[in-house]
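Undergrad: the following comprises the amino acid sequence and a computationally predicted model.
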Amino acid sequence: SRVIAENGYLKGRENLLGYNGFNRLVIPNSGTVLIMEYFLGFLEVKLQMFKYIVVGAGLSGAVVAERIASQLNEKVLVVDRKPHIAGTCFDSKDENGILVHRYGGHLFRTENEVVWSYLSQFTDWHYYQHRVLAWVDGKMVPLPFNFNSMDMVFPAELASKLKEKLLNAYGLNTKVHVTKLIQSDDEDLRFLGEYVYEKVFIHYTLKQWGRRPEEMEPEATINVPVLVGKDDRYYTARFQGVPKQGYTQMVQRMLSHKNIKLMLNTDFLELAEVKADGIYIMGKKYDGTIIYTGSLDELFGYRFGRLPFRSLDFRFETHDVEYYQGAATVHYPNSYDFTRIIEFKHIHPVDVKRTTICFEYPKEYTTENDERYYPVLTKESKATWLKYADLAREYHVIPLGRVGEFKYYNMSEAVESALRAFNDIAK
C-alpha cells in the first residue's frame, strides 16, 4: 500500500508491508505500538523488488518517477525525509483559506512547450503574470528596472535622455545586463548601469548570497537586466502561471500512479550505506538504479568536502487588510535584513478580508536541519561537485534537480532535466 496523504501532508504512513510507520505494527483500538524489528528482514526483501528508487518527492523526483512508472511500467519507490510531498514547492491553505507557498514563492514560467504540455496533464493553470516592486530611494519601483522605474526615480529630463539612448543603442523591449551598461562608452548609460548596480543589485546580492558577485559564477547574477521599454512583468516567457489547485495537488496527481510507492518522513541515508562495492539498503546490496535529488556530498559522507548552499528562514504574518502591498513580491535591496516580502493573495486570488505575507531571510546552509535552497556556484564548488558526480556514476546513482545536479535551476529547467534523465534511462 502507499502513503495516505491529505493536502500533501503525511496523514497515516503505511509502508510496503501494510504497517503504520517504517518498522512498527499498530494494534487497532489500542494505544500499544509494538516495535517489530524482525519485520525489517522481510522489508529488506521487499525493497529489492524495485528496480528504481527515487530519493526526493519534490518536482524533479515526481517527474522522473511518473515517467518510469507510466512509460516503462516499472515499479518505483519514492523516499522523502519530509512529512509531505512536493519538496520546496509544497503549498497548502492557511486558516484564512489563502493558498500559501510554505517554502517561499514559486512562480512557474517556461518557453518550453513540451514542459508546459507535460505538466498540464496534472493540473489546470491560473494564468498569472508576475510583477515585482523594489524599495528604492523611498519609492516602490517596478523590476526589472525599466522606463517606468526611470520616470519614478530620475528627473524628467534625465529620464527622457536615458530612455532615448537606450532605444538607440539596444532597441525596444530588449534586456540589457547592468554590467554591459557599466562597460558602455556612453557616460549616461554608465551612470544608469552604476545606479541600478548600487540601488537594486549589489546589496540584494550580498544579502541573498553572503558574497560579492565576483566571488561567484555568473549564473547567480544573470537575472538583473534593465528593460528597454515599459513592460513591467518580471517574466516575459511564453507560458506563465501557477497550478490552479496548487503545486502540492499537481505533484500528488503525478505520484498517484499504481506503480509508485511512497515513503514519507523517511531519511534514505538511515536506510542506505555506501560501501566500496556498492550501495547497501538495510544491509543488502542494491542492484537497481537510484535517482538522487539530495546533495551528493551528504550521500558520500563528505569525502571531497562540503558543497556550499544558501538557505532561508521564513516569517509568516496575517494582517487584517485586504492587501498588504502593491505586488506579490517586494524586494528590499538596501534596507532590513530580509530580502523580500511575498503576498500570496496576489498569486492565488481569494475573496477574504485578510492577507498572508512571508518575509524571507537568507542565511548560510550550515546543518542538515537547514534546507538547501541555492547552490553557491564558484569554480571551486563546481570542481568539487564534479568529483562527486564521477563517484555517483560508479555507484549507478543519477543526480537530479537543483540540489542533486548543483545547478541554479528554475522549475521549468528542473522539469526539463528530469525529462532528459528519463529519456536517458529509457534508452
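TA: Now that the structure is in, tell me what you want to look at. Numbers count the residues shown, from 1 in each chain.
Undergrad: may I have the secondary structure class of the residue of the chain positioned farthest from its centre?
TA: The outermost residue of the chain relative to its centre, with distances by Cα atoms, centre = their mean, is E157 at 42.3 Å. With DSSP: H, G, I helix; E, B strand; the rest coil as the basis, E157 sits in helix.
Undergrad: and it, how far is that from E394?
TA: From E157 over to E394 the distance is 65 Å, taken as Cβ to Cβ, to the nearest Å. (Glycine included, C-beta is placed from N, CA and C.)
Undergrad: now swap in V226 and tell me
TA: Distance, V226 to E394, using Cβ to Cβ: 46 Å.
Undergrad: more neighbours, the two?
TA: For V226 versus E394, neighbours defined as other Cβ atoms under 10 Å are more numerous around V226 (26 against 8).
Undergrad: now A57, nearest residue through space, not along the chain?
TA: D80 (3.9 Å; Cβ to Cβ, 6 or more residues apart in numbering).
Undergrad: same question for E95.
TA: T318 is the one closest to E95 (Cβ to Cβ, 6+ apart), at 7.9 Å.
Undergrad: please state the offset of the one helix or strand that neighbour maps to from the chain centre?
TA: Using DSSP states H and E, T318 falls within strand 309-319. Centre-to-centre, strand 309-319 and its host chain are 14 Å apart (Cα atoms, centre = their mean, to the nearest Å).
Undergrad: check the closest residue to E113 other than its chain neighbours and give its pLDDT.
TA: For E113, ignoring the flanking residues on the chain, the nearest one in space by Cβ to Cβ, 6+ apart is F239 at 7.2 Å. Looking at F239, its pLDDT is 98.
Undergrad: could you pull out the helices for the stretch 151-300 of the chain?
TA: 156-170, 178-182, 187-196, 203-209, 247-254, 268-271, 296-299 (DSSP state H, counting those that start in this stretch).
Undergrad: nearest to M411, of these?
TA: helix 247-254 (8.7 Å; Cβ to Cβ).
Undergrad: run through who's touching that closest one.
TA: Contacts to helix 247-254, defined as Cβ atoms under 8 Å, 6 or more residues apart in numbering, come from residues 5, 7-8, 57-59, 62-63, 65-66, 84-86, 89-92, 101, 106, 119, 122-123, 243.
Undergrad: cool, and stretch 173-180?
TA: Residues from elsewhere that reach stretch 173-180, judged by Cβ under 8 Å, 6+ apart: 144, 166, 170, 193, 196-197, 200-201, 222, 224-229, 231.
Undergrad: tell me the pLDDT of the nearest residue to K139 once chain neighbours are set aside.
TA: Spatial nearest neighbour of K139, chain neighbours left out: M152 (5.4 Å); criterion: Cβ to Cβ, 6+ apart. pLDDT, M152: 97.
Undergrad: roughly how far apart are M152 and L206?
TA: Going from M152 to L206 by Cβ to Cβ gives 24 Å.
Undergrad: quick one: the nearest residue to Y197 once chain neighbours are set aside from E317, how far?
TA: Excluding its sequence neighbours, the residue lying closest to Y197 (Cβ to Cβ, 6+ apart) is V178, at 4.9 Å. Distance, V178 to E317, by Cβ to Cβ: 32 Å.
Undergrad: please apply the same query to A383.
TA: 42 Å.
Undergrad: same thing with K345?
TA: K345 is 13 Å from E317, by Cβ to Cβ.
Undergrad: so between the two, which is more surrounded?
TA: Taking other Cβ under 10 Å, K345 and E317 do not tie; K345 has more neighbours (21 against 11).
Undergrad: quick one, what contacts the more buried one?
TA: Counting by Cβ under 8 Å, 6+ apart, K345 has contacts 98, 323, 352, 355-356.
Undergrad: any chance of the residues you listed in CSV, plus neighbour count?
TA: Listed next are the contacts of K345 as CSV, based on neighbours: other Cβ atoms under 10 Å:
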residue, neighbour count
I98, 21
Y323, 12
V352, 12
T355, 21
T356, 22
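Undergrad: pretty sure M150 contacts E157?
TA: No: counting by Cβ atoms under 8 Å, M150 does not reach E157; the two are 11.5 Å apart.
Undergrad: show me where pLDDT drops low in the stretch 251-400 of the chain?
TA: Counting by pLDDT under 70, the stretch 251-400 of the chain contains no low-confidence range.
Undergrad: my read: A237 touches N112, true?
TA: No: assessed by Cβ under 8 Å, A237 is found out of contact with N112, at 9.1 Å.
Undergrad: beta partners of the residue nearest to E95?
TA: Note on T318: beta-bridge partners by DSSP bridges are T356.
Undergrad: can you pull the contacts of it?
TA: T318 sits in contact with 94-96, 354-357, where contact means Cβ under 8 Å, 6+ apart.
Undergrad: can you pick out the most distant pair from the residues you listed?
TA: Going by Cβ to Cβ, the pair spanning the contacts of T318 furthest: E95 and I357, at 14.5 Å.
Undergrad: these two: which is more packed in?
TA: Counted by other Cβ under 10 Å, E95 and I357 do not tie: I357 has more neighbours, with 20 against 8.
Undergrad: what about R212, distance to S160?
TA: For R212, the distance to S160 (Cβ to Cβ) stands at 34 Å.
Undergrad: which one's more surrounded, those two?
TA: S160 (14 against 10).
Undergrad: mind checking pLDDT for the more buried one?
TA: 98.
Undergrad: again with the one 3 residues further on
TA: Among the per-residue scores, K163 shows a pLDDT of 98.
Undergrad: from what I see, it and F147 are in contact.
TA: Yes: here K163 reaches F147: they are 5.4 Å apart, a contact under Cβ under 8 Å.
Undergrad: for D370, give me its contacts.
TA: 311, 363.
Undergrad: so where does it fall, helix or strand?
TA: Short version: D370 belongs to no helix or strand, going by DSSP H and E.
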